[in-house]
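[1] Fold the following for me, if possible:
(chains A and B)
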Amino acid sequence: MKPVLTELDGDISLEKKGFEKICDIELLKRKAVDIRRDIIKMIYLAGSGHLGGSLSIADIVTALYFNILNHDPSDPLWVERDRFILSKGHAVPAQYAALAETGYFSKEKLWTLRKLGSDLQGHPAMHKLAGIEASTGSLGQGISIAVGLALSLKMRKSNSMVFTIVGDGECQSGEVWEAAMAAAHYNVNNLIVIVDRNGLQIDGETEKIMSVEPLSEKWKAFGWDVTHMNGNNMEDIVKTTSNVLQNREKPSVIIAKTIKGKGISFMENNVSFHGKPPTASEYERAIKELGDIL
Amino acid sequence: MKGVVESPRKAYGEALIALGGSDPDMVVMDADLSTSTKTAMFAKKFNDRFFNAGIAEQNMMAMAAGLSIDTRTVFVSTFAIFAAGRAYDQIRQSIAYSSLNVKIVATHGGITVGGDGASHEMIEDIGLMYGLPNMKIFIPVDSNETYNGIISIAKIKGPFYVRLSRMETETITERETEFKINEIPVLREGSDAVIVGTGQVLKRALDVAESLKKQNIDVAVYNMHTIKPVNREEIERIARKYGVIVTIEEHNINTGVGAIISSVTSDVYPVHVVKLGIHDIFGESGEADELMDKYGLSVKDIEEGVKYAMKIRG
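    Residues are numbered from 1 along each chain as shown, chains lettered A, B, ... in the order given. Coordinates of the predicted model:
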């Protein structure tokens, strides 16, 4: 005889799964400081890596992993998880830090970044590290992967969302717009793209190298819902993302105004920190600045 | 059936329908060439699992990666020139690097595309794909082997590159022929010399082998349908048996099957490798037969290649 499920039994079986989200903005801000400290230490110890672009997305990545994404660090392949793909793969120290801080692996592992034999490759490699959903690094491809993944989840009638962070310089790549066109065509409204609009790329200001503006109009013209936020303001990130999640008729893009190198005074808007590690004294100054915040 | 002129592309379409019926998660993508590549046959039957990327091959390859990450088997098709050429970086970074389950079936490979000319004649894809870690390469000899091979590779996890020619050629194998990936089956036994090749151009090699009988030259023909992983043991066995190898392919000889076999023999049992194929030159518009005749794959080229091989072997 089949057991009869009572309402109470049903409730018990609906055991809450996944990471317990942090909703306190002040606590999220403190987490972002931890993430920044990790990023700087990782890149300092690695002797190479992309500081500026990792720091500019540190607040967004913190908000994603601690507040927005449904995920389970103890079960990285949990079917119902939301997916996050870092299309601007060079900023992966920010993602590694968030994965460690939410418990995917020990923080000690962070200090192996870019070292021979480490799972923490210079750019994300999904086959090396649980928690990485796609291998990226060649710009323009992560967003296409995200469109394919979102399409697949939608076909399964899954409730999972796909988030991806695209660099503003990356928007110069044609594939971003091929992907944008496909996302709108197949109406993958379970996809949210966040553009890290920090205004700088390796060779200088995006608008001097190859202007991407008017960015908002471009995405709109490609059939996307466009929202703006201050990508370095925790309250704004949480509020805007939550609004976007509740209104999803089309694929959504959030253009996040950020500051490259955000959080460390001498790295902010300083293009020379795009791809170089801090010196020993810069490292000490940076860690001190972060300590002063707390 | 043997000896029937058939389109390998159509056999590919039939295989997709068979696979789509047994695997409800399988999806297929194309880049606006579905009527040519025959993925349209799948689309007609399983419209909700077919995605046209439009003329955007790079996005298609990376989207296919995304679909496969969600544990699906994904077949993607376009012409070889746009698959291995235009979308090379997406195949490398998004598919091969993480060994994703994407089967790239590229049609119109080689020089026999015909009227479209050099811009559409992919003669370097074997080399490009051979150099990619994790990638496997399958090139069928006819429509029957296309069908059997496609069914077979769908069961193997990981990326595959499959190359079909546009031309329709006479079948050499049967649908009932047992197909095993990685083998180098013999199409024709022979004692005097050996031709090892890949793809539909082998039909010509077989015809030449038949006509050389009149000159008392008994030529064996082997079908290297799996280029990668390369079957080193079988190549060594052939090298030891014949002492010289003639290779044939619709590809630039610099980086194709001839070069691959030559690299294997130099490791395991050095013999001369006489490479028939395209001599590092772009093609042009023309009929398939005319193009083969002009670009290193004529009956005369094959005959002379065999005789030269026998001469240098001594």
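[2] Just the closest residue of chain A to chain B, please.
    When scored by C-beta to the nearest C-beta, chain A has A:G148 as its residue closest to chain B, at 2.4 Å. Quick note: C-beta positions are derived from backbone N, CA and C, even for glycine.
[3] Give the burial count for that residue, as a bare number.
    Using other C-beta atoms under 10 Å in any protein chain shown, A:G148 has 37 other residues around it.
[4] distance of it from B:L67?
    A:G148 sits 4 Å away from B:L67 when distances are taken as C-beta to C-beta, to the nearest Å.
[5] what sits against A:S173?
    With contacts defined as C-beta atoms under 8 Å, 6 or more residues apart in numbering or on different chains, the neighbours of A:S173 are A:L139, A:G140.
[6] pLDDT wise, what is it at?
    According to the prediction, A:S173 has pLDDT 98.
[7] Check A:S13 too.
    The predicted local confidence for A:S13 comes out at a pLDDT of 43.
[8] and if you look at B:S152?
    Per-residue confidence for B:S152 comes out at a pLDDT of 98.
[9] try the one 3 residues further on
    B:K155 is assigned a pLDDT of 97 by the prediction.
[10] and A:L151, what are its phi and psi?
    When read as degrees, to the nearest 10, the backbone of A:L151 gives phi -60, psi -40.
[11] Point out the other helices and strands that the one helix or strand the residue of chain A closest to chain B maps to packs with.
    Under the assignment given by DSSP states H and E, the secondary-structure element containing A:G148 is helix A:141-155. Using 3 or more C-beta pairs under 8 Å, 6 or more residues apart in numbering or on different chains; DSSP states H and E as the contact criterion, the elements in contact with helix A:141-155 are strand A:83-86, strand A:162-167, helix A:174-185, strand A:191-197, helix B:57-69, helix B:88-90.
[12] So which bits of that helix are buried?
    By neighbour count, and taking 16 or more other C-beta atoms under 10 Å in any protein chain shown as the criterion, the buried residues in helix A:141-155 are A:141-155.
[13] With stretch A:203-211 instead?
    Going through stretch A:203-211 with 16+ other C-beta under 10 Å, the ones that come out buried are A:T206.
[14] for the residue nearest to A:E178 when sequence neighbours are not counted, what are its contacts?
    By the measure of C-beta to C-beta, 6 or more residues apart in numbering or on different chains, the closest residue to A:E178 outside its immediate chain neighbours is B:N59, 3.5 Å from it. Applying C-beta under 8 Å, 6+ apart, one finds that B:N59 lies in contact with A:S144, A:V147, A:E175, A:E178, A:A179, A:M181, A:A182, B:A53.
[15] Just say helix, strand or coil for residue 241.
    All of this refers to chain A. Assigned state for A:T241: helix (three-state reduction, DSSP: H, G, I helix; E, B strand; the rest coil).
[16] Look at the closest residue to it other than its chain neighbours and report its pLDDT.
    Counting by C-beta to C-beta, 6+ apart, A:I68 is the residue found nearest to A:T241 once chain neighbours are left out, at 5.4 Å. According to the model's per-residue confidence, A:I68 sits at a pLDDT of 98.
[17] List the residues that contact whichever residue of chain B sits closest to chain A.
    Closest to chain A within chain B is B:G66: 2.4 Å, counting by C-beta to the nearest C-beta. Applying C-beta under 8 Å, 6+ apart, one finds that B:G66 lies in contact with A:A134, A:S144, A:I145, A:A146, A:V147, A:G148, A:L149, A:A150, A:L151, A:S152.
[18] Would you check which pair of those lies furthest apart?
    By the measure C-beta to C-beta, those have their two most distant members at A:A134 and A:L151, which lie 13.9 Å apart.
[19] and chain A, which of its residues are near chain B?
    A:125-127, A:133-138, A:140-142, A:144-153, A:155-156, A:174-175, A:178-179, A:181-182, A:185-186 (C-beta under 8 Å from any C-beta of the partner chain).
[20] pLDDT weak spots in chain B?
    Judged against pLDDT under 70, chain B has no low-scoring part.
[21] Show me the domain layout of it.
    B:5-170, B:186-313 (automatic domain parsing).
[22] before we move on, the earlier item: by neighbours, which of the contacts of B:N59 wins?
    Ranked by neighbour count (other C-beta under 10 Å), these have A:A179 at the top, with 35 neighbours.
[23] my read: it touches A:S144, true?
    Yes: the pair formed by A:A179 and A:S144 meets the contact definition of C-beta atoms under 8 Å, at 4.3 Å.
[24] what do those two both touch?
    With the criterion set as C-beta under 8 Å, 6+ apart, the overlap between the contacts of A:A179 and A:S144 is B:N59, B:A62, B:M63.
[25] tally of neighbours for B:F46?
    For B:F46, the number of neighbouring residues by other C-beta under 10 Å comes to 18.
[26] which residues touch it?
    Contacts for B:F46 (C-beta under 8 Å, 6+ apart) come out as B:I17, B:G20, B:V28.
[27] Now residue 250. Nearest residue, chain neighbours left out?
    Picking chain A for this. According to C-beta to C-beta, 6+ apart, the nearest residue to A:K250 is A:D225 (4.8 Å).
[28] please go with chain B instead
    If you skip the residues right next to it in sequence, B:E250 has B:G110 as its closest partner in space, 3.0 Å away by C-beta to C-beta, 6+ apart.
[29] Can you give me the neighbour number for that neighbour?
    One way to gauge burial is a neighbour count; for B:G110, by other C-beta under 10 Å, it gives 33.
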